[in-house]
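**Student:** Can you look at this prediction? I've put the sequence above it.
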Amino acid sequence: MQRMDPVLALSRQTGIRLAEIGFLLILFSGIWLVSAEIPLFGLSKARSIVAGTALALAGVLLIVATHWGHFG
């Protein structure tokens, strides 16, 4: 019985694109965290949740880009 390993192959360009999106999400979440600390804007808890989710998604994209996308 042969064992088949799942293969996820991404081109170098796709890895770079995923990393760019990940870095853009980090920038976005930083701006949202700063705006969550300004009391004038309101909804600070919701902004913090959105920023945290964006950071988590950016981390996943950067891991995929580094591991399978030949980035870095």
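**Tutor:** That came through fine. Residues are numbered from 1 along each chain as shown.

**Student:** The residue most central in space within the chain and residue 46, how far apart?
**Tutor:** Nearest to the centroid of the C-alpha atoms of the chain, with distances taken as CA atoms, centre = their mean, sits residue 58, at 1.0 Å. Taking CB to CB, to the nearest Å as the measure, residue 58 falls 19 Å from residue 46. All C-beta spots, glycine's among them, are computed from the backbone N, C-alpha and C.

**Student:** do the same with residue 33
**Tutor:** Computed as CB to CB, the residue 33 to residue 46 distance reads 12 Å.

**Student:** higher neighbour count, these two?
**Tutor:** Under the neighbour definition other CB atoms under 10 Å, residue 33 and residue 46 were set side by side, and residue 33 has more, 17 against 11.

**Student:** can you pull the buried residues of the helix or strand where the more buried one lies?
**Tutor:** The secondary structure element spanning residue 33 is helix 12-36 (assigned by DSSP states H and E). Taking 16 or more other CB atoms under 10 Å as the basis for neighbour counts, the residues of helix 12-36 that come out buried are 14-19, 22, 25-26, 29, 32-33, 35-36.

**Student:** Now flag whichever of the residues you listed is closest to residue 52.
**Tutor:** The shortest separation between residue 52 and any of the buried residues of helix 12-36 is 7.4 Å, and it belongs to residue 29 (by CB to CB).

**Student:** Report the contact partners of the closest one.
**Tutor:** With CB atoms under 8 Å, 6 or more residues apart in numbering as the criterion, the residues that contact residue 29 are 50, 51, 52, 54, 55, 58.
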